[in-house]
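1. Build the 3D model from these lines:
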Amino acid sequence: MTLQLGFHIGQQNLDLPALRTLWQDLDQRGADWISLWDHFYEAPPANGTQDHFEAVSLLGALAADTANARIGCLVFYVGYRNPALLAKIATTLDHLSNGRFELGLGAGWHSQEAHAYGYAFPGIGARLDMLDEATTIVRGMLSQPRTDFKGEYFSVNDVSNLPTPLQATLPIWIGGLGEKRTLKIVARQANGWNAAYVSPKEFGRLNGVLNDWCSRLGRDPSTLRRSVNLSFHLGLTQTDIAREEDRIASDWGPGASRIRAGSLLCRPNEAIDRILAYHAEGAELINVALRAPWQADALNCYLNEIMPAVRAETA
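-> Coordinates of the predicted model:
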């Protein structure tokens with residue numbers, strides 16, 4: 001199983017020229033995947049006190065500025081945009097990127113920004129129902145001439161989506177960790193599953209649950225791709241590591257332990273082993289999530305030393 005290495009960029013606390021320079025550099029230096037996240041406020045939440053750009057607008061620039069990496073968003077919250085509009089957005093971005101776009105969908109979590117922007121943010125059960133309905137609509141519109149669907153939250157009426165995507169199958173990723181509902185929706189509806197900020201052991205356990213759902217639903221588990229996002233806190237010295245530990249605690253508060261478990265919070269030699277541990281548990285794509293500010297020398301080390309070493313181990 002070939003391992004791909006990518007980047008998940010938080011478009012916050014960076015101006016537009018810096019963002020464009022960053023993803024062009026990543027694309028030229030061998031990133032397999034570059035994604036943005038779908039937020040209006042910063043993450044972790046800070047009540048809209050930090051600069052933050054919107055995802056769809058930026059994805060157009062990302063598509064135009066890069067040539068090699070697959071691109072996407074992990075993941076769009078389906079409550080922010082009508083799913084038929086998301087299908088149209090995905091198709092347009094697939095054309096802009098010359099067939100490199102992959103669509104991520106999820107049930108959302110950032111209630112602070114949703115309430116501030118006036119979006120309904122119901123309980124998780126309703127949001128998972130919304131995710132299931134939205135995925136059905138999007139999948140239909142990306143793969144067939146006409147789609148009809150009437151649900152509790154979303155409906156389309158004999159809708160077409162022209163032009164069609166460049167890719168014969170534009171991949172749909174679903175992100176989330178829920179064992180009873182989310183992973184069942186993944187097994188039934190998606191081309192790929194994305195988990196964020198979990199340990200290698202927990203990723204492996206959830207991967208097993210997903211395989212079980214595939215078996216129950218009559219799907220070959222090998223037809224489903226698996227990825228994980230890891231918060232980037234690489235340090236070249238122990239002092240760097242201590243500073244990154246303090247940053248996680250300050251930024252995430254009560255949620256710090258979960259983020260810490262799913263982070264590259266380590267020295268470079270340990271990072272190689274940690275990435276390989278996720279691969280051993282079934283991850284085919286590993287993205288480091290970049291939240292500015294980060295240490296430039298640590299990112300250069302990851303690109304110049306860690307990525308080549310991991311690829312040599314998994315070739």
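
2. and the gap between residue 27 and residue 34?
-> From residue 27 across to residue 34, the span is 7 Å (Cβ to Cβ, to the nearest Å). (Each C-beta comes from the backbone N, C-alpha and C, glycine too.)

3. quick one, which of those two is more surrounded?
-> The neighbour comparison of residue 27 against residue 34 (other Cβ atoms under 10 Å) goes to residue 34, with 25 against 18.

4. for the stretch 51-200 of the chain, what spans make up the helices?
-> Under the criterion DSSP state H, counting those that start in this stretch, the stretch 51-200 of the chain contains helices at 55-65, 83-96, 111-116, 124-143, 182-189, 200-216.

5. next one: the third one to chain centre, how far?
-> Okay, so that is helix 111-116. 20 Å (Cα atoms, centre = their mean, to the nearest Å).

6. May I see the buried residues of that helix?
-> Neighbour-count burial for helix 111-116, counted by 16 or more other Cβ atoms under 10 Å, picks out 112-114.

7. Can I get these in JSON lines including distance to residue 146 and pLDDT?
-> Listed next are the buried residues of helix 111-116 as JSON lines, based on distance: Cβ to Cβ, whole Å; pLDDT from 0 to 100:
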{"residue": "112", "distance to residue 146": "39", "pLDDT": "97"}
{"residue": "113", "distance to residue 146": "35", "pLDDT": "98"}
{"residue": "114", "distance to residue 146": "32", "pLDDT": "98"}
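
8. tell me the centre residue of the chain?
-> For the chain, residue 74 is the residue whose C-alpha lies nearest the centre (Cα atoms, centre = their mean; 2.3 Å).

9. What segments of the protein are strands?
-> In the chain, the strands defined using DSSP state E lie at 4-9, 33-36, 70-77, 101-106, 147-150, 155-159, 172-175, 192-196, 225-232, 263-264, 285-290.

10. what are the pairing partners of the shortest one, and which direction each?
-> Its sheet considered, strand 263-264 pairs with strand 225-232 (parallel) by DSSP bridges.

11. Give me the contact list for the partner strand.
-> Identification of contacts with strand 225-232 by Cβ atoms under 8 Å, 6 or more residues apart in numbering yields 6, 8, 74, 171, 173, 191-198, 203, 207, 210, 248, 259, 262-265, 274, 278, 282-291, 294, 298-299, 302.

12. Which of these are buried? Put it as a ChimeraX command.
-> Here is the ChimeraX command that selects the buried residues among those (16+ other Cβ under 10 Å):
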select :6,8,74,171,173,191,192,193,194,195,196,197,198,203,207,210,248,259,262,263,264,265,274,278,282,283,284,285,286,287,288,289,290,291,294,298,299,302
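
13. who does residue 227 bridge with?
-> Taking DSSP bridges, one finds residue 194, residue 285 as the beta-bridge partners of residue 227.

14. show me the contacts for residue 140.
-> Residue 140 is in contact with 147, 149, 156, counting by Cβ under 8 Å, 6+ apart.

15. Quick check: closest non-adjacent residue to residue 76.
-> residue 38 (4.6 Å; Cβ to Cβ, 6 or more residues apart in numbering).

16. Isn't the one you found up against residue 77?
-> Yes - with contact defined as Cβ atoms under 8 Å, residue 38 reaches residue 77; the gap is 5.6 Å.

17. The two - which one has more neighbours?
-> residue 77 (27 against 24).

18. what's the closest non-adjacent residue to the more buried one?
-> When the adjacent residues along the chain are set aside, residue 77 lies closest to residue 108, with 3.5 Å between them (Cβ to Cβ, 6+ apart).

19. Contact partners for that neighbour?
-> Applying Cβ under 8 Å, 6+ apart to residue 108 gives the contacts 77-80, 114, 121, 127.

20. Now residue 10. Its backbone dihedrals?
-> Backbone torsions for residue 10, taken as degrees, to the nearest 10, come to phi -90, psi 120.

21. so who does it touch?
-> When contacts are counted by Cβ under 8 Å, 6+ apart, residue 10 touches 36-37, 39, 42-43, 289-292.

22. go with 7 Å
-> Residue 10 makes contact with 37, 43, 289-291 under the criterion Cβ atoms under 7 Å, 6 or more residues apart in numbering.

23. Could you work out the most separated pair of these?
-> Maximum pairwise distance in these, criterion Cβ to Cβ, is 12.0 Å, between 43 and 290.

24. what does the model give the nearest residue to residue 261 once chain neighbours are set aside for pLDDT?
-> The spatially closest residue to residue 261, leaving aside those adjacent along the chain, is residue 199, at 4.4 Å (Cβ to Cβ, 6+ apart). Residue 199 is assigned 98 on the pLDDT scale.

25. correct me, but residue 199 touches residue 263?
-> No - contact between residue 199 and residue 263 fails when scored by Cβ atoms under 7 Å: they sit 9.6 Å apart.

26. how close does residue 117 sit to residue 41?
-> Using Cβ to Cβ, we find residue 117 at a distance of 8 Å from residue 41.
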